[in-house]
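>>> sequence plus predicted model, see below.
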Amino acid sequence: MAGESMEIAAQIVPSILIGIIGYTSWVITHVVVHRNFFNVDILGGKRVGGGIVILVIYWILFVLVTWSFFRMLWAIFRHPGYIERGHVGRIQAQDEEKAKQTSKKRILPERLSFARPRLGDIISKDIFVCQPDGLPSWCDTCKIWRPDRSRHCREKDRCVLNLDHFCPWVGGIVSEQVMKYFILFNSYTFLYTIFDWILAAICIAQRKQQLPLNGNLIAMLIFGLFFMGLTGGIGLSAIVNALTNHTTKENLAEPAGHTWNMALRVANSLVVDENVHTVSFPDLDDCDFDTLQKLVRSRDRDQSQSSDPDPGQQTPEAQQTSKGPYMPGHTFAIVESDLFSNPWDCGMYENWCQVMGHNIVGWFLPLDVGGSWLSRDAYAHQGSGRPEAGDQKSFFPAGLDIKVMKARAGLTSLTSEEARDYNKRIQKRKAFPYLLGGAGAPLKQWAASRAS
């Protein structure tokens with residue numbers, strides 16, 4: 001029921017916002033500029049130049065706000081980040097097929113979805129997020145293996161790649177495909193409302209000694225205060241999360257401390273630390289969660305039995321398996337990160353470019369410019385995940401935290417400089433930026449907490 005109410009609000013609120021923007025344009029153009037700057041009967045003709053300057057600034061902000069808004073709505077509709085479902089059952093499949101036959105679906109282009117990931121797409125990576133037992137993340141509702149950082153959205157009842165939150169203010173899901181336009185819309189709307197509020201306040205201060213207060217100007221002050229607080233908080237929170245490479249859902253857990261369970265590939269010639277748990281997967285293209293769990297448990301039993309005899313009676317292959325198991329297929333060391341660790345933190349500049357692109361002009365315009373992960377549909381078309389980070393395959397570029405976890409498992413070594421840098425990052429994450437990202441937008445955080 002709550003999910004349905006959020007969905008209804010997401011369909012209504014954008015239309016209300018469009019109406020408010022239209023009303024604001026009329027107030028600024030007619031009430032503020034025409035009556036207070038162009039009307040010679042009230043204030044004379046000396047302020048015509050000032051009125052023209054105000055109109056130019058206003059309409060530049062208006063274009064940026066509306067351009068970002070409609071580009072964001074298009075991204076939410078066209079590519080919200082849905083992941084194709086697995087075998088969800090006959091009745092649910094029939095319902096989805098009926099939805100495709102509606103008149104709305106016939107008129108508008110079909111939504112794009114990322115290809116359903118197979119088990120092989122997950123375990124072919126060198127790094128992936130796993131459960132504490134080492135198995136990849138599985139969505140029992142959508143019946144799919146979930147790629148890293150994907151979550152199930154309760155309002156849409158779909159798994160979404162890199163889901164940030166469901167936002168009724170902008171009409172739907174804010175995912176990685178939408179985040180750039182979401183940041184631009186909130187940032188420009190914040191500037192837009194500040195400009196409008198200042199104009200309304202100045203006009204009220206000038207007119208109250210000569211004429212009765214104008215109700216439209218009072219309404220502008222009220223709208224301005226509300227939307228300055230709303231877009232300022234949401235926009236600042238989104239910018240902080242982009243710089244730190246977090247989603248809202250991930251950031252919700254930061255004040256209490258959040259850890260990641262990561263599966264790190266073990267090369268054939270490597271022997272992991274004996275205290276590190278390892279999991280070996282069969283070389284399968286695909287299977288469901290229950291089947292994989294049975295296969296992994298069966299391999300664990302076989303491995304345990306092979307290490308029971310006296311070590312002196314074991315073959316060299318069995319001795320190698322008992323120290324640091326390598327089995328045919330895919331073997332991973334399962335390592336839990338430190339509190340406040342972020343495997344995807346590649347530094348503020350790279351984090352920002354992953355969202356906004358490497359073209360500086362594109363940072364300020366709602367264009368899908370080159371050089372951004374957003375414009376790369378490798379996962380949608382190839383089923384192979386995100387761009388590779390260096391020489392390691394993963395769904396997202398990995399940062400220093402992954403190397404620290406590898407060193408902990410005995411898979412690599414850290415320099416003293418890298419260790420100091422890592423400790424500094426952990427201390428910084430405990431402080432201001434992450435708390436700000438979590439507290440900057442209460443409505444956004446509340447909505448995100450509803451996504452499982």
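Looks like it arrived, so ask away. Residues are numbered from 1 along each chain as shown.
>>> skipping adjacent residues, who's closest to Gly347 in space?
Distances taken as Cβ to Cβ, 6 or more residues apart in numbering place Gly399 nearest to Gly347, at 7.4 Å, with adjacent residues excluded. C-beta here means a position set from N, CA and C on the backbone, and glycine is covered the same way.
>>> kindly report the same for Arg118.
Asp286 (3.9 Å).
>>> residues in contact with that neighbour?
When contacts are counted by Cβ atoms under 8 Å, 6 or more residues apart in numbering, Asp286 touches Arg118, Leu119, Gly120.
>>> and those residues as a markdown table, adding secondary structure, neighbour count and pLDDT?
Formatted as a markdown table, these follow (DSSP: H, G, I helix; E, B strand; the rest coil; neighbours: other Cβ atoms under 10 Å; pLDDT from 0 to 100):
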| residue | secondary structure | neighbour count | pLDDT |
| --- | --- | --- | --- |
| Arg118 | coil | 17 | 91 |
| Leu119 | helix | 21 | 92 |
| Gly120 | helix | 16 | 91 |
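>>> could I get these as CSV with distance to Leu236?
Shown next, in CSV, are the contacts of Asp286 (distance: Cβ to Cβ, whole Å):
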residue, distance to Leu236
Arg118, 39
Leu119, 40
Gly120, 41
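>>> ok so, going back, mind checking pLDDT for the residue nearest to Arg118?
Listed pLDDT for Asp286 reads 88.
>>> can you give me the mean pLDDT across stretch 154-168?
Computed over stretch 154-168, the average pLDDT equals 91.
>>> what distance separates the start and the end of it?
End-to-end distance for stretch 154-168, by Cα to Cα, to the nearest Å: 13 Å.
>>> in it, what's buried?
In terms of neighbour count (16 or more other Cβ atoms under 10 Å), stretch 154-168 has its buried residues at 155-156, 158-168.
>>> check stretch 344-360 too.
Buried-residue list, stretch 344-360, by 16+ other Cβ under 10 Å: Trp344, Asp345, Cys346, Asn351, Trp352, Cys353, Gln354, Val355, Met356, Gly357, His358.
>>> ok, Tyr181 touching Trp67?
No. Using Cβ atoms under 8 Å, Tyr181 makes no contact with Trp67, being 9.3 Å away.
>>> what is in contact with those two at once?
Pro366.
>>> more neighbours, these two?
Tyr181 (25 against 17; other Cβ atoms under 10 Å).
>>> how far away is that one from Phe69?
Computed as Cβ to Cβ, to the nearest Å, the Tyr181 to Phe69 distance reads 8 Å.
>>> ok, His246 next?
His246 is 24 Å from Phe69, by Cβ to Cβ.
>>> do the same with Gly134
Distance from Gly134 to Phe69, by Cβ to Cβ: 44 Å.
>>> neighbour count winner among the two?
Counted by other Cβ under 10 Å, Gly134 and Phe69 do not tie: Phe69 has more neighbours, with 22 against 19.
>>> low-confidence bits of the stretch 251-400 of the chain, can you list those?
253-257, 269-271, 299-329, 369-392 (pLDDT under 70).
>>> what ranges do the helices span in the stretch 101-250 of the chain?
For the stretch 101-250 of the chain, the helices defined by DSSP state H, counting those that start in this stretch occupy 103-107, 119-123, 179-207, 215-244, 248-252.
>>> I appreciate the help and will end here.
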